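> based on what follows, work out the 3D shape:
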Amino acid sequence: MILAAAQTLPHRNNISANLDDHCRFAELAADQGAQLILFPEMSLTGYERDQAEVMAFAEDDPALEPLRHLAVSKQITIIAGAPIRLDESFHIGAFILQPDYSVRIYTKQFLHEGEELFFQPSLVHNPQVRIARKKCGLAICADIDHAIHAERAAEAGNMVYLASLFFTPGGIPKAHRLLPAYAVGHKMQVLMANYCGTSWNLEAGGQSAFWNNNGKLVGALDSTIPGLLIVEEGERDWAVTKLSFEHF
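Below you'll find the model as predicted:
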């Protein structure tokens, strides 16, 4: 199994540019053999929660077509974050674009304080992803603050916990404490993708990372530069490849 975390620098108010970046990241990851690439929270728009109504994606949004075709042509599962409108409600969600051209949606279950002004939490959309016969469960940002979320993921049989975040530098130590604890406690591998740069006038902390199911930090990116963290499962441990894109 080969997994990739994309550490992106979102373009404010420019979904088209963000989509282009997603395609380039996904293509590079697939060329490295990755079967899945995880992007940060609301990666397609940047974390612009007060713009949810304007920037939200529809459930079957035609703007996703380039990513859907790339998932098929490169045989890679792409998990891209976005504000999503479902019926009359807005959610912080993620599109799971799969190699068979299908699209599924995960919705954030636990909101940060203030997000409830723009979004609704939901337990309804919580699909599993299967990669190399392993079940993977998704979490978005504040989900990881609640131990019950990781516990439920493990009870559902997930062997990989995919954490899509927007954490500031001050929050990164907490993420790097909670996630390996979940790895150890539930015997899950944990892949984390976070922004770098600035979104919603807040600095992102980067340091996208991967922990094995013993809680060992296998690899992490730095705090400020966009890049890919690619991890490949071996017989005894995981191999790491890091690609940095300072001028991406």
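> other SSEs contacting the longest helix that the chain contains?
In the chain, with assignment by DSSP state H, the single longest helix is helix 15-31. Helix 15-31 sits against strand 2-7, strand 36-38, helix 65-74, strand 77-86, strand 227-233, with contacts defined as 3 or more CB pairs under 8 Å, 6 or more residues apart in numbering; DSSP states H and E. Glycine gets a C-beta too; all of them are placed from N, C-alpha and C.
> try it again at 6 Å.
Counting contacts by 3 or more CB pairs under 6 Å, 6 or more residues apart in numbering; DSSP states H and E, helix 15-31 packs against helix 65-74.
> mind listing what's buried in the helix it packs on?
Leu67, Arg68, Leu70, Ala71, Lys74 (16 or more other CB atoms under 10 Å).
> and it, how far out from the chain's middle?
17 Å (CA atoms, centre = their mean, to the nearest Å).
> any buried residues in the longest helix of the chain, and which?
Neighbour-count burial for helix 15-31 [16+ other CB under 10 Å]: Ile15, Asn18, Leu19, Asp21, His22, Cys23, Phe25, Ala26, Leu28, Ala29, Ala30.
> for stretch 167-179, same thing?
In stretch 167-179, counting by 16+ other CB under 10 Å, buried: Phe167, Gly171, Ile172, Ala175, His176, Leu178, Leu179.
> and the two most separated of these?
Gly171 and Leu179 (11.9 Å; CB to CB).
> identify the contacts common to these two.
Common contacts of Gly171 and Leu179 (CB atoms under 6 Å, 6 or more residues apart in numbering): none found.
> and the buried residues of stretch 167-179 as TSV, adding distance to Glu235, secondary structure and pLDDT?
Formatted as TSV, those follow (distance: CB to CB, whole Å; DSSP: H, G, I helix; E, B strand; the rest coil; pLDDT from 0 to 100):
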residue	distance to Glu235	secondary structure	pLDDT
Phe167	33	coil	97
Gly171	35	coil	96
Ile172	31	helix	97
Ala175	29	helix	98
His176	27	helix	98
Leu178	29	helix	98
Leu179	24	helix	98
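> all good on my end, thank you.
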